[in-house]
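# Provide a 3D model corresponding to the input given below.
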Amino acid sequence: MTVETDNSVEQANQQCLKGLAAKAYASGQKKHDPDKMVIEYLPMVGRIVDQVTTYIKPPLTKEDLVSAGSVGLVKAARDFDPTRNAEFKTYAYIRVKGAIIDELRSWSFAPANLSKQIQQAEEISRENIEKTGFIIEDEKLAGKMDITVDKLYKIFENARSRHFMSIHGLNDDEPALGDVLIAHKTDTPESAIEKRELASMLAECITNLPEKQRQVIILYYHQELTMKEASLALEVTESRVSQLHASAIFSLSSQLKEYDDGR
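Predicted structure coming up:
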């Protein structure tokens, strides 16, 4: 084969590679269209807002939270890297929910006069976990606080927003549970280990819950059902689902606080 023939083959190979690269780039550009992504997944924002507000009754309007979630969706579409091993739907869900949670964090839901009762309930609950290794039953907790069970549920429901935030974000810097749900390539070995430990601890905490509370948590966080949908699935009233959810969030927060303090 002559030198001229070798050069021709080399040029042909280069042209072929350029063509494949251009095709791959065009394909990638077509897949990552931020405007199209926002339009396609915009209905998800309303769904997430409904899922969140069905339990915590925030002072913000639905429009306020949809607006915050929409901003999160736009940022997700802009920042999404299609070359990473993650689906946009999962990535967007975490970013949208995080934006909504961030908006909620700036508001206080528990009246100031309930703070002492909430603190008392938390202390009794943690002491019981330390002594027995088990979650205290609602009836026993109410007895120790010298209040009715209905009053205890009202305390749980007023405290729920704060506990709700602790489940979605154990600190004010990032939504920790969201980070547990998806692995990022930028994770350091230390943070990856920490997230695995948190995921394991959270799973154990959920397992420790009474059956009905555990079912509500699974329906809410895994199946993403609203309170009404969960009530139909469990064949109980919506108010009962709300009580079970509030009690479960309180118990999970107490257990996770023990984990956080013991680290």
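
# got the buried residues for the helix or strand that contains Gln215?
Per DSSP states H and E, Gln215 falls inside helix 211-217. For helix 211-217, a neighbour-count test (16 or more other CB atoms under 10 Å) marks Lys212, Gln213, Arg214, Gln215, Val216, Ile217 as buried. Glycine gets a C-beta too; all of them are placed from N, C-alpha and C.

# Am I right that the fifth one is in contact with His245?
This means Val216. Yes. The criterion here is CB atoms under 8 Å, and Val216 meets it with His245 at 5.0 Å.

# rewinding a little: I'd like the next helix or strand past the helix holding Gln215.
helix 227-234.

# give me the element Lys97 is part of.
Going by DSSP H and E, Lys97 is in helix 88-105.

# Now that helix - C-alpha only, PDB.
Below are the C-alpha coordinates for helix 88-105, written out as PDB (Å, rounded to 0.1, in the frame of the first residue of the first chain):
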ATOM      1  CA  PHE A  88     -33.900  13.700  34.600                       C
ATOM      2  CA  LYS A  89     -37.200  12.800  36.200                       C
ATOM      3  CA  THR A  90     -35.400  11.700  39.400                       C
ATOM      4  CA  TYR A  91     -33.000  14.600  39.400                       C
ATOM      5  CA  ALA A  92     -35.900  17.100  38.800                       C
ATOM      6  CA  TYR A  93     -38.100  15.500  41.500                       C
ATOM      7  CA  ILE A  94     -35.300  16.000  44.100                       C
ATOM      8  CA  ARG A  95     -34.600  19.600  43.000                       C
ATOM      9  CA  VAL A  96     -38.300  20.600  42.900                       C
ATOM     10  CA  LYS A  97     -39.100  19.100  46.300                       C
ATOM     11  CA  GLY A  98     -35.900  20.700  47.700                       C
ATOM     12  CA  ALA A  99     -37.000  24.100  46.400                       C
ATOM     13  CA  ILE A 100     -40.500  23.700  48.000                       C
ATOM     14  CA  ILE A 101     -38.900  22.600  51.300                       C
ATOM     15  CA  ASP A 102     -36.600  25.500  51.300                       C
ATOM     16  CA  GLU A 103     -39.500  27.800  50.800                       C
ATOM     17  CA  LEU A 104     -41.300  26.200  53.800                       C
ATOM     18  CA  ARG A 105     -38.200  26.400  56.000                       C
END
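
# which stretches of the stretch 151-263 of the chain form helices?
176-181, 189-208, 211-217, 227-234, 238-261 (DSSP state H, counting those that start in this stretch).

# winner for burial among these?
Using mean count of other CB atoms under 10 Å, the stretch among the helices of the stretch 151-263 of the chain with the largest mean neighbour count is helix 238-261, at a mean of 21.

# What angle do helix 227-234 and that one make with each other?
100 degrees (axes from the mean of the first three to the mean of the last three CA atoms, to 10 degrees).

# can you dump the C-alpha coordinates of helix 238-261 into PDB?
What follows is helix 238-261, C-alpha atoms only, in PDB (Å, rounded to 0.1, in the frame of the first residue of the first chain):
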ATOM      1  CA  GLU A 238     -58.200  11.200  56.500                       C
ATOM      2  CA  SER A 239     -58.000  12.600  60.000                       C
ATOM      3  CA  ARG A 240     -56.700   9.300  61.200                       C
ATOM      4  CA  VAL A 241     -54.100   9.200  58.500                       C
ATOM      5  CA  SER A 242     -53.100  12.700  59.500                       C
ATOM      6  CA  GLN A 243     -52.700  11.500  63.200                       C
ATOM      7  CA  LEU A 244     -50.700   8.400  62.200                       C
ATOM      8  CA  HIS A 245     -48.400  10.500  59.900                       C
ATOM      9  CA  ALA A 246     -47.800  13.100  62.600                       C
ATOM     10  CA  SER A 247     -47.000  10.500  65.200                       C
ATOM     11  CA  ALA A 248     -44.700   8.600  62.800                       C
ATOM     12  CA  ILE A 249     -42.800  11.700  61.800                       C
ATOM     13  CA  PHE A 250     -42.300  12.600  65.500                       C
ATOM     14  CA  SER A 251     -41.000   9.100  66.200                       C
ATOM     15  CA  LEU A 252     -38.700   9.100  63.200                       C
ATOM     16  CA  SER A 253     -37.300  12.500  64.200                       C
ATOM     17  CA  SER A 254     -36.600  11.200  67.800                       C
ATOM     18  CA  GLN A 255     -34.800   8.200  66.500                       C
ATOM     19  CA  LEU A 256     -32.800  10.100  64.000                       C
ATOM     20  CA  LYS A 257     -31.900  12.600  66.700                       C
ATOM     21  CA  GLU A 258     -30.400   9.700  68.700                       C
ATOM     22  CA  TYR A 259     -28.400   8.700  65.600                       C
ATOM     23  CA  ASP A 260     -27.200  12.200  65.000                       C
ATOM     24  CA  ASP A 261     -26.200  12.700  68.700                       C
END
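
# Kind regards, and thank you for your time.
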